[in-house]
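A.B. asks: just a sequence and a predicted model for now, questions to come.
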Amino acid sequence: MPNSYGALFATTFVVGLTMITLGPILDPVLKDLDIPLARGGLLSVAFSVGMLVGVLSLNFLLAKVPVKWGLTGAALVEAAGCLAAGLLARGLWSFFVAYFFVGLGCVFLNSLPGMWVTSHIKQGAERAVVILLVFFALGMMVGPLAIGGALAWGATWRGVLVVEAVICVLLAIAIAVSPISNIEGRENLRVRQLRDVITFNPRLFFAVLAASILYIGAEFTFNVWLVKFQIDVFGVEKSIANLAMTLFWVGLLVGRGVVLAVTGRFATSRILMVGASVWAVFAVGVALAVNLPMTVVMAFFAGLGASAGFPLILSFSARFPKWHAGVVFSAVIMAGALGRIVFPYLVGPLADSIGFRLAIGLAFLLAAMLALLTLYMYRVSGEAAERAAGRGGEGVAH
């Protein structure tokens, strides 16, 4: 593997670590800053709006910035946002502004490694993206454990964010000294170019965006609210409440190992459908669990089902030619940011009005809709035609 892979893997790990942070610290942040439950989703909105602004800037204003220096600058922006949130936030809106910059930096770190992979690797793109996102899952898995342990030992949520700022600075240094090549032919998008990308396969393009909205909406419903759900419904300590979140990502990590084994043997959309269906079933289990151990078990199996989701959705970008793949990849990230803005925000008001169990059940609805959407994706992606032609084309990337 090229030397640049090490830096890309490290970047993706840090993205997972910082992206999961809001969930484990949400309860103490709400209490310390005197933010009501119904408005708690706004903290997630701040991060997600930052990601949306960032992905638009990445494609329309900053595409000519080399990948290496885009990543370096993004890591420093995220560090500044973490530091401001940890040291300066005194209420909802000061935290909102600071956490906007965390999301702004994070989306560059989240987008560019995958854009690099899908632009450089065409055969076996699904496998390459899954491997990259295994490191994301590791960060997501380690985050709740580390943060829960730190809070149990007396650390504050402010201290957690300051430590993450330091990690982002170290990442920026590591990226700056790494030999990361650029993406050939990448340039700022114009309407005409975007139209070219969409018209190559418009049905697949919009289906993939819809899949991203549903997947990210469901995932971040869990990421932001599952720990708070444990605390409010079962009355457990923060360090214990983080266990379900960790087990969700352990399941997701284990599942990605399974996905690696079956990718290329079955149609990508079929693997995605099975995973989303499993996720939907166990998301119901999480919402209806009668005790904490049951929730933890259900969270593990929900993560197992969710494991196929994002890497396989992203891998469909490789079915678009040349530099189009990077544009589609970014569009998927942008659509995911929309899902991350809307659905986790809704959980707060829903939990406040109709109860936390029904509110967190929103993840079931989104996962079930994703499972249904894969039936359409199987047809419009060309996988159905490949199979009918006897090419054994399941999982083939173009």
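C.D. replies: Now that the structure is in, tell me what you want to look at. Computed from a prediction, not measured in an experiment: that's the story for all the values here.

A.B. asks: next, the distance between the ends of stretch 119-130.
C.D. replies: In terms of C-alpha to C-alpha, to the nearest Å, the two terminal residues of stretch 119-130 are separated by 15 Å.

A.B. asks: what's the average pLDDT for it?
C.D. replies: If you average the pLDDT over stretch 119-130, you get 67.

A.B. asks: cool, and stretch 41-60?
C.D. replies: The average pLDDT within stretch 41-60 is 90.

A.B. asks: quick one: buried residues of it?
C.D. replies: 41-56, 58-59 (16 or more other C-beta atoms under 10 Å). From N, CA and C alone the C-beta is placed, and that goes for glycine too.

A.B. asks: what ranges does the stretch 151-300 of the chain have for its helices?
C.D. replies: 157-176, 191-200, 202-234, 238-262, 268-288, 292-306 (DSSP state H, counting those that start in this stretch).

A.B. asks: how about the ones you listed, which one is nearest Gly16?
C.D. replies: Within the helices of the stretch 151-300 of the chain, the stretch nearest Gly16 is helix 238-262; the backing value is 8.2 Å (C-beta to C-beta).

A.B. asks: ok now that closest one, how far from the chain's centre?
C.D. replies: Remark: helix 238-262 is offset 14 Å from the chain centroid, using C-alpha atoms, centre = their mean, to the nearest Å.

A.B. asks: pull the number of nearby residues for the closest residue to Glu383 other than its chain neighbours.
C.D. replies: Using C-beta to C-beta, 6 or more residues apart in numbering and skipping the chain neighbours, the partner closest in space to Glu383 is Ala267 (4.4 Å). A total of 20 residues lie near Ala267 under the criterion other C-beta atoms under 10 Å.

A.B. asks: circling back to that earlier point, mind checking the helices of the stretch 151-300 of the chain for the one nearest to Gly70?
C.D. replies: Gly70 lies closest, by C-beta to C-beta, to one member of the helices of the stretch 151-300 of the chain: helix 157-176, at 9.4 Å.

A.B. asks: mind giving me the packing neighbours of the closest one?
C.D. replies: Where contact means 3 or more C-beta pairs under 8 Å, 6 or more residues apart in numbering; DSSP states H and E, helix 157-176 is packed against helix 4-19, helix 22-32, helix 67-88, helix 125-152.

A.B. asks: quick check: angle from the last one to helix 238-262?
C.D. replies: Going by axes from the mean of the first three to the mean of the last three C-alpha atoms, to 10 degrees, helix 125-152 is angled at 170 degrees with respect to helix 238-262.

A.B. asks: so which bits of helix 125-152 are buried?
C.D. replies: Neighbour-count burial for helix 125-152 [16+ other C-beta under 10 Å]: 125-148, 150-151.

A.B. asks: how close does Val49 get to Val342?
C.D. replies: With distances taken as C-beta to C-beta, to the nearest Å, Val49 is found 11 Å from Val342.

A.B. asks: list phi and psi for Ile20.
C.D. replies: When read as degrees, to the nearest 10, the backbone of Ile20 gives phi -80, psi -10.

A.B. asks: isn't it up against Gly143?
C.D. replies: Yes. Using C-beta atoms under 8 Å, Ile20 is in contact with Gly143, at 4.0 Å.

A.B. asks: Val342 touches Ile216, doesn't it?
C.D. replies: No. Val342 lies out of contact with Ile216 (C-beta under 8 Å); the separation is 9.9 Å.

A.B. asks: who has more neighbours out of the two?
C.D. replies: Per other C-beta under 10 Å, whichever of Val342 and Ile216 has more neighbours is Ile216, with 29 against 16.

A.B. asks: the nearest residue to the more buried one once chain neighbours are set aside: what's it in contact with?
C.D. replies: Distance criterion C-beta to C-beta, 6+ apart; nearest residue to Ile216, sequence neighbours excluded, is Gly336 at 3.6 Å. Gly336 makes contacts with Met51, Ser212, Ile213, Tyr215, Ile216, Phe310, as judged by C-beta atoms under 8 Å, 6 or more residues apart in numbering.
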